[in-house]
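Enquirer: What follows is a predicted structure for the sequence shown.
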Amino acid sequence: MQTAFAAVVAWYLAVLILPDTRPAFASIAAVIAVGATHGQRAGRALQLVGGVVLGITVAALLIQVIGTGGWQLGVLLVLAMGAAVALGGGELLVVEAGVSAILLVALDPGAAAGFQPNRIFEGIIGGATALAVSSVFFPPDPALGPARAAQALFVELGRALERIAAALESRDPGTAESALVDARAIDPLIRSVEEALATGRDTPPRRSSRLQLDRYERSIPQIDYAVRNTRVLARNVVTLVRDDGDIPASLPGAVRDLSHSVWELAASYDAPSHAEPGRKLAVKAATEAAAIRDARADVVLVGGQVRSVAVDLVRAAELVAGDAEEPLGERRTEELLTAPATV
């Protein structure tokens with residue numbers, strides 16, 4: 001709908017402003033710009049639109065000199081992309097300049113008949129229309145990108161913890177190693193959330209979206225700690241299950257409570273009431289791990305790492321709910337794992 005609306009508006013604007021009664025390139029530029037700039041930060045969106053206009057401009061200026069055809073297409077592509085590079089454009093601008101030059105050659109067989117400045121103006125109108133439509137008539141939800149990225153993160157974190165619990169139950173080194181691979185693969189998802197948050201901050205806020213963005217911004221650094229500690233937990237579990245010693249029966253359940261805490265925490269960004277059940281499950285996991293009395297150093301190490309992940313999830317839950325009355329860094333671990341959340 002957004003793309004169609006931008007194409008139609010660009011068409012009628014070009015008809016009003018330019019003498020051409022069929023300004024197809026205004027609509028084409030609008031379609032390219034809407035598709036390329038969707039979900040991008042404002043600076044990148046302007047860069048992409050600039051690439052569209054630059055490609056059409058270079059092609060319109062040179063096509064009358066060298067004509068149209070296969071080899072001419074290659075020359076125009078090199079020149080359009082080269083001009084974008086010379087102007088200091090980024091990768092996206094360079095690519096869009098090339099695409100737009102190809103479209104002008106392929107879709108306008110009469111372009112070689114003479115210089116047509118209207119094509120340049122159509123590109124400008126289409127690009128400007130795309131930006132206006134995207135920001136005014138179809139403003140993006142600034143929380144949508146961070147929400148999708150964060151939910152993907154929580155899915156993988158919860159699954160990694162579930163697999164760690166399964167490895168402890170089955171005492172299977174292969175499952176434990178798979179859990180370690182899963183845990184190591186979560187780091188790029190943290191970066192994706194951070195990038196989505198940066199984009200969301202550049203988008204005009206809605207009140208409801210701003211509240212949700214604030215929850216992500218407050219808590220994602222703490223989730224990053226939970227991811228790191230889950231990776232360490234998985235590595236220690238690999239060592240533990242490779243030994244022949246017994247594993248305390250309550251240890252897999254404690255890790256599974258951590259995964260359930262992650263699921264509740266994932267729901268809490270839309271419904272903050274889920275933060276408290278998530279906090280309680282993390283506290284339960286820490287309590288179960290602390291109750292394990294085992295002289296073996298590897299069991300003690302795994303139990304301590306369960307408590308570390310639990311502390312991270314408790315802190316994140318309180319940050320999502322906005323319940324922390326004092327800086328969380330100043331609260332002792334034992335206090336976090338025993339005191340009820342503030343309401």
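Expert: Looks like it arrived, so ask away. Numbers count the residues shown, from 1 in each chain.
Enquirer: Which residues belonging to the strand or helix carrying Leu319 are considered buried?
Expert: Element membership for Leu319 (DSSP states H and E) is helix 297-321. Residues 298-299, 301-303, 305-321 are the ones in helix 297-321 that count as buried (16 or more other C-beta atoms under 10 Å). Using the backbone N, CA and C atoms, a C-beta is placed for each residue, glycine as well.
Enquirer: helix/strand/coil for Leu265?
Expert: With DSSP: H, G, I helix; E, B strand; the rest coil as the basis, the three-state label of Leu265 is helix.
Enquirer: That one against His274, yeah?
Expert: Yes: Leu265 lies in contact with His274 (C-beta atoms under 8 Å); the separation is 7.2 Å.
Enquirer: And these two? Which one has more around it.
Expert: Between Leu265 and His274, counted using other C-beta atoms under 10 Å, the more crowded position is Leu265 (28 against 19).
Enquirer: neighbours around the closest residue to that one other than its chain neighbours, how many?
Expert: Using C-beta to C-beta, 6 or more residues apart in numbering and skipping the chain neighbours, the partner closest in space to Leu265 is Gly278 (4.2 Å). Neighbour count of Gly278, defined by other C-beta under 10 Å: 25.
Enquirer: repeat for Phe137
Expert: 12.
Enquirer: Test my guess that it contacts Ala4.
Expert: No: at 11.7 Å, Phe137 and Ala4 do not qualify as touching, with contact defined as C-beta under 8 Å.
Enquirer: So which elements touch the helix holding Leu319?
Expert: With contacts defined as 3 or more C-beta pairs under 8 Å, 6 or more residues apart in numbering; DSSP states H and E, helix 297-321 has these neighbours: helix 207-242, helix 250-268, helix 275-290, helix 333-338.
Enquirer: In a markdown table, list the ones you listed along with mean pLDDT and distance to Glu177.
Expert: Output for the helices and strands packed on helix 297-321, formatted as a markdown table (pLDDT from 0 to 100; distance: least, C-beta to C-beta, whole Å):
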| stretch | mean pLDDT | distance to Glu177 |
| --- | --- | --- |
| helix 207-242 | 89 | 6 |
| helix 250-268 | 94 | 16 |
| helix 275-290 | 92 | 22 |
| helix 333-338 | 57 | 30 |
